[in-house]
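A.B. asks: sequence and predicted structure are below.
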Amino acid sequence: QVQLKESGPGPVQPSETLSLTCTVSGFSLTSYGVNWVRQPPGKGLEWMGRMRYNGDTSYNSALKSRLSISRDTSKNQVFLKMNSLQTDDTGTYYCTRGLIRGYFDYWGQGVMVTVSS
Amino acid sequence: DVVLTQSPATLSVTPGERISLSCRASESVDTYLHWYQQKPNESPRLLIKYASQSISGIPSRFSGSGSGTDFTLSINGVELEDLSIYYCQQGNSLPYTFGAGTKLELK
């Protein structure tokens, strides 16, 4: 069955770089896209960016200068890197499978990222 | 960016009643509007795609309607397990955006 699972470092210091991995199973990264969505504690959802099935990437302009998404299809993994972290980057980060015209049919369990000194 | 405005922010409900949640877009998104349910400490779950298309495994009491800028999620006979936050999301243009959510609470 389709599964996505995020993994990451836990607490991060301000100004450091966040590195997250989304490991997928049950589908191919060359057939489906993967998106990253985050959620600050007690707040709503924000789309961060995506890796399309063909390797193209798109980013939310609000984050574009800090964000990079890449993949390793042989390992069924998609990677998120975001630099210059601040405390308001604290939240739960989800990877999701993206379908045509941007709906997300499967979500990972999410990984909590805390930015604190 | 397309702004999605959801109303009301909170809705107090009685089990069994029929309710409607609104999502309005700042510009037309055609029918590329999707709905999600999020329960506390859980990941969001897709409820409706393309404004009105049902999703396998989602109870039939959930339905969606609308096109352009005005959309509605209806629940026909609210159950206690439906007490959650509901988000709309547009997939018409990048960046994809979400509404701020409507929280269903028990009256």
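C.D. replies: Nice, I can see it. Numbers count the residues shown, from 1 in each chain, chains lettered A, B, ... in the order given.
A.B. asks: pretty sure residue A:14 sits in a strand.
C.D. replies: No. Going by DSSP: H, G, I helix; E, B strand; the rest coil, the assignment for residue A:14 is coil, not a strand.
A.B. asks: for the most centrally placed residue in chain B, give me its contacts.
C.D. replies: For chain B, residue B:35 is the residue whose C-alpha lies nearest the centre (C-alpha atoms, centre = their mean; 4.1 Å). Residues in contact with residue B:35 (C-beta atoms under 8 Å, 6 or more residues apart in numbering or on different chains) are B:23, B:46, B:47, B:48, B:62, B:64, B:73, B:86, B:87, B:88, B:89. (Glycine included, C-beta is placed from N, CA and C.)
A.B. asks: ok, and the most crowded of the residues you listed?
C.D. replies: If you count neighbours using other C-beta atoms under 10 Å in any protein chain shown, the busiest of the contacts of residue B:35 is residue B:88, which has 31 neighbours.
A.B. asks: correct me, but that one touches residue B:37?
C.D. replies: No. Under the criterion of C-beta atoms under 8 Å, residue B:88 is not in contact with residue B:37, lying 11.2 Å apart.
A.B. asks: returning to that earlier point: so the residue nearest to the centre of chain B belongs to a strand, correct?
C.D. replies: Yes. Residue B:35: assigned to a strand according to three-state DSSP.
A.B. asks: report the beta-bridge partner residues of it.
C.D. replies: Beta bridges link residue B:35 to residue B:48, residue B:88, judged by DSSP bridges.
A.B. asks: which residues touch residue 43?
C.D. replies: No chain specified, so I'll use chain A. residue A:91.
A.B. asks: ah, no, chain B please
C.D. replies: A:94, A:107, A:108, A:109, A:110.
A.B. asks: same deal with residue B:9?
C.D. replies: B:100, B:101, B:102, B:103.
A.B. asks: touching, residue B:58 and residue B:47? I think so.
C.D. replies: Yes. Using C-beta under 8 Å, residue B:58 makes contact with residue B:47 at a distance of 5.5 Å.
A.B. asks: just to revisit the earlier point, need the buried ones from the contacts of residue B:43 selected in ChimeraX.
C.D. replies: Command for ChimeraX, covering only those of the contacts of residue B:43 found buried under the criterion 16 or more other C-beta atoms under 10 Å in any protein chain shown:
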select /A:94,107,108,110
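A.B. asks: secondary structure and distance to residue A:35 added to the contacts of residue B:43, as JSON lines?
C.D. replies: Shown next, in JSON lines, are the contacts of residue B:43 (DSSP: H, G, I helix; E, B strand; the rest coil; distance: C-beta to C-beta, whole Å):
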{"residue": "A:94", "secondary structure": "strand", "distance to residue A:35": "9"}
{"residue": "A:107", "secondary structure": "strand", "distance to residue A:35": "10"}
{"residue": "A:108", "secondary structure": "coil", "distance to residue A:35": "11"}
{"residue": "A:109", "secondary structure": "coil", "distance to residue A:35": "15"}
{"residue": "A:110", "secondary structure": "coil", "distance to residue A:35": "13"}
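A.B. asks: keep only the contacts of residue B:43 that also lie close to chain B.
C.D. replies: Among the contacts of residue B:43, the ones lying near chain B by C-beta under 8 Å from any C-beta of the partner chain are A:94, A:107, A:108, A:109, A:110.
A.B. asks: now do the strands in chain A.
C.D. replies: A:3-7, A:11-12, A:18-25, A:33-39, A:46-51, A:57-59, A:67-72, A:77-82, A:91-98, A:104-107, A:111-115 (DSSP state E).
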